[in-house]
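Enquirer: Sequence and computational prediction follow.
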Amino acid sequence: MKSVTFSEIVRVHQRPGYLRRIATWRQSLPWALTLLAGLPLLMLVLHLIDPGTPLPYIVVPALLGGVLPVCMLGPGRFEMQTRFDAHYMISTLDEAMAALGYRKTDANAESIRYYRPRPWLRRQEGAITVAVRPHALEVIGPVGSLRLLQHRIAR
């Protein structure tokens, strides 16, 4: 898309970092169960492969890798700017969102809302909101989903 430019994805901080929730319990439960079962198993396997390796060399990278998905759950925003009317980009956005597994819920002249149907998410959790302006679309949602969306549209 030659006539479209993307801004960088910026994290949206509604509250100070120490007061902000990482995610709701329904979002955190699969992640927590995977960490509780998967990380000790991974550390055990790595220790059995090479028993001489000091445990901090196994434990610290495994814990850091397990915490990395938390960074992708936080809210962020970016803008798609164009020289033309932004309403012409909505069909491209719809196709990209459908390819990522999102469904459109609400749409009017000023905003569009998408959600991803997952058993552990309610509709508002992980939702992406798009504000339609004359020459730009402002997209707000989880940082990981926004990165995937940017790559999908930029193709």
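Expert: Everything's here; your move. The shown structure was predicted, so the numbers you read here are calculated from the model rather than taken from an experiment.

Enquirer: CA only for contacts and neighbour counts going forward, please
Expert: OK.

Enquirer: residue ranges for the strands of the protein, please.
Expert: 4-6, 10-11, 75-82, 103-107, 111-115, 128-132, 136-142 (DSSP state E).

Enquirer: pLDDT of stretch 32-52, averaged?
Expert: For stretch 32-52, mean pLDDT rounds to 85.

Enquirer: buried set for stretch 99-116?
Expert: Within stretch 99-116, the residues scored as buried using 16 or more other Cα atoms under 10 Å are 102-104, 112-116.

Enquirer: Mean pLDDT and distance to Thr34 added to the strands of the chain, as a markdown table?
Expert: A markdown table is the format used below for the strands of the chain (pLDDT from 0 to 100; distance: least, Cα to Cα, whole Å):
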| stretch | mean pLDDT | distance to Thr34 |
| --- | --- | --- |
| strand 4-6 | 86 | 34 |
| strand 10-11 | 84 | 26 |
| strand 75-82 | 90 | 22 |
| strand 103-107 | 85 | 27 |
| strand 111-115 | 91 | 24 |
| strand 128-132 | 92 | 25 |
| strand 136-142 | 91 | 20 |
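
Enquirer: what would those strands look like in TSV with distance to Leu148?
Expert: Output for the strands of the chain, formatted as TSV (distance: least, Cα to Cα, whole Å):
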stretch	distance to Leu148
strand 4-6	13
strand 10-11	14
strand 75-82	12
strand 103-107	15
strand 111-115	14
strand 128-132	12
strand 136-142	10
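
Enquirer: Report the two of the buried residues of stretch 99-116 separated the most.
Expert: For the buried residues of stretch 99-116, the farthest-apart pair by Cα to Cα is Ile112 and Arg116; their separation is 13.8 Å.
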